[in-house]
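# predicted structure and sequence below. I'll ask about it afterward.
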There are 2 protein chains.
Amino acid sequence: MSATKQILDLNRFDASNTSGMPPELTERVARRQATFGAASVLFYEQPIEMVRGEGAFLFDSNGKRYLDVYNNVPSVGHCHPHVVAAITRQAGTLNTNTRYLVRIVETYAERLLASFPAPLGNLVMTCTGSEANDVALRIAENVTNARGFIVTNSAYHGNTTAVAHISPSSFKSQISAPHVRTVPAPDPRNAPGGDIGTQFAAQIQAAINDLRASGHGFAGFFADSIFSSDGIFSAPAGFLQQAAAVVRQSGGLFVADEVQPGFGRTGGGMWGFARHDIVPDIVTLGKPMGNGFPMGGVVTSPDYLTAFTRETSYFNTFGGNPVAAAAGLAVLDVIAEENLIANAAQTGGSLKDGLTALKSEFNQIGDVRGAGLFIGLDFNNPANGTPDSAMAGHVINAMKQQGILIGAAGLYGHTLKIRPPLCFNTGHAEMFLETLRKILVAAK
Amino acid sequence: MSATKQILDLNRFDASNTSGMPPELTERVARRQATFGAASVLFYEQPIEMVRGEGAFLFDSNGKRYLDVYNNVPSVGHCHPHVVAAITRQAGTLNTNTRYLVRIVETYAERLLASFPAPLGNLVMTCTGSEANDVALRIAENVTNARGFIVTNSAYHGNTTAVAHISPSSFKSQISAPHVRTVPAPDPRNAPGGDIGTQFAAQIQAAINDLRASGHGFAGFFADSIFSSDGIFSAPAGFLQQAAAVVRQSGGLFVADEVQPGFGRTGGGMWGFARHDIVPDIVTLGKPMGNGFPMGGVVTSPDYLTAFTRETSYFNTFGGNPVAAAAGLAVLDVIAEENLIANAAQTGGSLKDGLTALKSEFNQIGDVRGAGLFIGLDFNNPANGTPDSAMAGHVINAMKQQGILIGAAGLYGHTLKIRPPLCFNTGHAEMFLETLRKILVAAK
């Protein structure tokens, strides 16, 4: 079993082991397994049946409340009334496709594009982040006339056939496609002198050279600037500049996958790439874009989009429908009105401080890092400092018992992925810190 | 310019020609072009700004009403109140992913799967028909350990990188991928003795032999049973049985793309494949599934799904979210409660009779064919019987003037694609017939 497989399975329900489950839950799980079959993916040793969401909380069928420190899709808060009202209004008025003009669609495109630097002036609306990254692949291939791509070694960019090839973490065994090269996650602890920018750029350059030598050429580098599935590597801000320079010098495109860091999560502006003071060639959007309404997008320059459409007539039936535009506009409204970017910086900052304090108290915590409301916390074996995914698994299930939802990430699955809705406040952060402390005390 | 390119451009707005457009429309179009760039696809010489939809009608910004004979996504009617209420209720209660149990998701999966014959017992929920066909490709590759696929020569199955390869109509030039073979659309007029079943199966067999000889092997045959983008070929019911037999004998999978014929449109049951009395290996779903809410699905056997998940952890963040399930359930409710399958058969039948009567009156009409509320009408040059795409273009724009939305299909773009919402009634059919008659009289 590869390290990657461990992450995927760490918090996954095992349908072959239902012992100790209450009969009603057993029946509920059986219905899911009967219909979803082998593709069913449920969390936890005993899955949770959810019935309601509100703000930073989810509620299960027994009335138990869970503080959500996992879900980044309902980014402005579960069932935010402003978003629900926008969806309701538009769904009852008009829902059609972009072959007609619809005012709210153009308004949304303008509002969204205003948050991007030049020359990122065009938007392709899709339904998912996977579809967005699939389009980005095709744009990069068309612009560069090359096929080779580079990603980090636990990257996840989505689930289409083409995007799965650049998502090593989605394969259970470590098969990699011939046209894809991987580089290690940018962990400053592994860089000589801590200069991760130089090391990361050198690794990318080596991968570019290898792609060229093998005849694939170099089309582009995909990265989410928070390196979410790699285990969250955000520092120092700016370290991606050298990588971007190397990519450009080699004629490839820098694709910023903002599905994870985008829409304010890192607290350093609307987009994760802004923290690094770079302008990508293509930006892809997804998860938090509609607070759960299925939508994604690709932002790029008019020239690159023109290259893409030269041979292909791309049309996305549901992409850019007016209900998606309404949901997306409402999300932009709430981010602005509720100061969610500043909140991500402030609440995220105090949460990270609290976790860093816990690190000095508990030697199972190996590292705390992150930006805004995206924080990674490593569990290491105190004896030898090796990754302790068992401890991460224990904490995840103990947190569930205590009414907190949390997940893991990283090559070894030993990193707690702390990624709550952006309406997370200091009270929520305190609740999380106290519970984590109790669990760590009990585990001593 | 290829024939396929003609279809794509037949009814496409040309941004380089805005002469004669009212100033407000010019400004509206400019906003769209500025944001969507080269990927903007608008209908008509002068695009329409839509503001409202209800039942079988759309309304533009001037208050003009259009009878919708084009859009199959709002299949149970634009803004159907039962669907809107379901979306509103669920969006305000809980919207999350399938890693948790959510009762409405399992209920939907059970209701939907109950409409499929054995062994089609498992469902993968996606966000679009494209994503569904992308998953179907991967299932077929995993099951057969082969890469070669066969489709019809104007097929359209979606927009991901992989699915575009099996969608010849999406490329502006006729490039085909090395692992894809195309067969002619099953037009009985071109078959010796009218036996299209035998001819079509023989063409598929030849393509299978060719794929094997070239080393790709044979993974599967994709077809929508109404052959929508090929120009609508539905008769005789049952002709696909020989094709299915040939595909199975060769170890490939028969993939029924129900994005177009599914959810009752053909009037011969819930699924288009049922008209042919075949059981596909994989069925893919999309457009009408949520009446505009972005959702798609893959239905297959538990064994095939198990083969797919052996190497890949497939997860779709928005796929199977509770709001999609609510929308999908409401669609199934309305289809049953409003007898929409029977209506498709009855209204579609009388509409086809009316069009056949027009054919005997106007020699520009070369053929009328179809099933239920999916009818194709060819315009041919009366002098020599050749396809007349200019006449189709004229009728489409004249219909727009008269307040009717309609599009074209087929290899030569000379086929009117008559595909209204399923709430289309005999009054709507009369309106369409009278308007078409007036346009044909005027064109004489």
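Great, that's in hand. Residues are numbered from 1 along each chain as shown, chains lettered A, B, ... in the order given.

# then the helix or strand encompassing residue A:54 to CSV, C-alphas only?
Taking DSSP states H and E as the definition, residue A:54 sits inside strand A:50-54. Extracted as CSV, the C-alpha positions of strand A:50-54 are listed here (Å, rounded to 0.1, in the frame of the first residue of the first chain):
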residue,chain,number,x,y,z
MET,A,50,-26.4,14.8,8.2
VAL,A,51,-29.8,16.6,8.2
ARG,A,52,-29.1,20.3,8.5
GLY,A,53,-26.4,22.9,8.1
GLU,A,54,-26.1,26.5,9.4
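
# who does that strand pair up with?
Strand A:50-54 pairs in its sheet with strand A:57-60 (antiparallel), by DSSP bridges.

# mind listing what's buried in the strand it pairs with?
A:57, A:58, A:59, A:60 (16 or more other Cβ atoms under 10 Å in any protein chain shown). Glycine gets a C-beta too; all of them are placed from N, C-alpha and C.

# kindly report the residues of the stretch 101-250 of chain A close to chain B.
Within the stretch 101-250 of chain A, the positions near chain B by Cβ under 8 Å from any Cβ of the partner chain are A:101-103, A:105-106, A:109-110, A:113, A:121-124, A:127-131, A:134, A:137-138, A:159-162, A:164, A:170-173, A:175.

# circling back: for the buried residues of strand A:57-60, give me JSON lines that also has pLDDT.
Shown next, in JSON lines, are these (pLDDT from 0 to 100):
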{"residue": "A:57", "pLDDT": "98"}
{"residue": "A:58", "pLDDT": "98"}
{"residue": "A:59", "pLDDT": "98"}
{"residue": "A:60", "pLDDT": "98"}
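
# just these now: which is nearest chain B?
Proximity of those to chain B (Cβ to the nearest Cβ) peaks at residue A:58, which lies at 7.0 Å.

# beta partners of the closest one?
Applying DSSP bridges, one finds that residue A:58 bridges with residue A:53, residue A:66.

# narrow the residues of the stretch 101-250 of chain A next to chain B to those in helices?
A:103, A:105-106, A:109-110, A:113, A:129-131, A:134, A:137-138, A:161-162, A:164 (DSSP state H).

# got the contact list for residue A:318?
Counting by Cβ atoms under 8 Å, 6 or more residues apart in numbering or on different chains, residue A:318 touches A:97, A:127, A:294, A:324, B:73, B:127, B:128, B:292, B:294.

# okay, it: pLDDT?
Note on residue A:318: pLDDT of 97.

# okay, now the nearest residue to it once chain neighbours are set aside: neighbour count?
Leaving aside its chain neighbours, residue A:318 sits nearest to residue B:294 (3.9 Å; criterion: Cβ to Cβ, 6 or more residues apart in numbering or on different chains). For residue B:294, the count of nearby residues is 35 (other Cβ atoms under 10 Å in any protein chain shown).

# so what's residue B:294 scoring on pLDDT?
pLDDT at residue B:294 comes out at 98.

# can you check residue A:13 too?
Residue-level confidence at residue A:13 comes out at 88, pLDDT.

# go ahead and confirm it touches residue A:47.
Yes - between residue A:13 and residue A:47 there is a contact at 5.0 Å, judged by Cβ atoms under 8 Å.

# any shared contact partners between those two?
Both residue A:13 and residue A:47 are in contact with residue A:29, where contact means Cβ under 8 Å, 6+ apart.

# stretch A:301-321: end-to-end distance?
One end of stretch A:301-321 sits 22 Å from the other (Cα to Cα, to the nearest Å).

# ok, now stretch A:157-176?
For stretch A:157-176, the first-to-last residue distance is 14 Å (Cα to Cα).

# now that stretch: buried residues?
A:157-172.

# stretch A:331-349 now?
A:331-335, A:338, A:340-341, A:343-349.

# let me see the contact set for residue A:221.
Applying Cβ under 8 Å, 6+ apart to residue A:221 gives the contacts A:149, A:150, A:151, A:204, A:243, A:247, A:252, A:253, A:254, A:255.

# beta-bridge partners for the last one, please?
Pointing back at residue A:255 there. Beta-bridge pairing for residue A:255 (DSSP bridges): residue A:222, residue A:282.

# do the same with the first one
Beta-bridge pairing for residue A:149 (DSSP bridges): residue A:180, residue A:220.

# identify the residues contacting it.
Contacts of residue A:149 by Cβ under 8 Å, 6+ apart are A:137, A:140, A:165, A:166, A:179, A:180, A:181, A:219, A:220, A:221, A:222.

# any idea which helix is longest in chain A?
helix A:340-361.

# related to what we said a few turns ago, now the strand holding residue A:54 against helix B:103-113, angle please.
130 degrees (axes from the mean of the first three to the mean of the last three Cα atoms, to 10 degrees).

# burial count for residue A:384?
Neighbours of residue A:384 (other Cβ under 10 Å): 7.

# and it, how close does it get to chain B?
Distance of residue A:384 to chain B, given as Cβ to the nearest Cβ, to the nearest Å: 30 Å.

# just residue A:338 next, same as before
Residue A:338 is 18 Å from chain B, by Cβ to the nearest Cβ.

# do the same with residue A:28
Applying Cβ to the nearest Cβ, the value for residue A:28 to chain B is 5 Å.

# count of residues packed around that residue?
Counted with other Cβ under 10 Å, residue A:28 comes out at 19.

# now swap in residue A:386 and tell me
For residue A:386, the neighbour count with other Cβ under 10 Å is 11.

# just residue A:433 next, same as before
Neighbourhood size, residue A:433 [other Cβ under 10 Å]: 17.

# quick one: residue A:431 and residue A:67 touch, right?
Yes - applying Cβ under 8 Å, one finds residue A:431 in contact with residue A:67, separated by 5.7 Å.

# which residues do these two both contact?
Shared contacts of residue A:431 and residue A:67, defined by Cβ under 8 Å, 6+ apart, comprise residue A:404.

# the two: who's more crowded?
Counting neighbours by other Cβ under 10 Å for residue A:431 and for residue A:67 shows that residue A:67 has the greater number, 24 against 18.

# what secondary structure does the residue positioned nearest the centre of chain A sit in?
Centroid-nearest residue in chain A, with Cα atoms, centre = their mean: residue A:260, separated by 2.8 Å. Secondary structure assignment for residue A:260 (DSSP: H, G, I helix; E, B strand; the rest coil): coil.

# no more questions from me, cheers.
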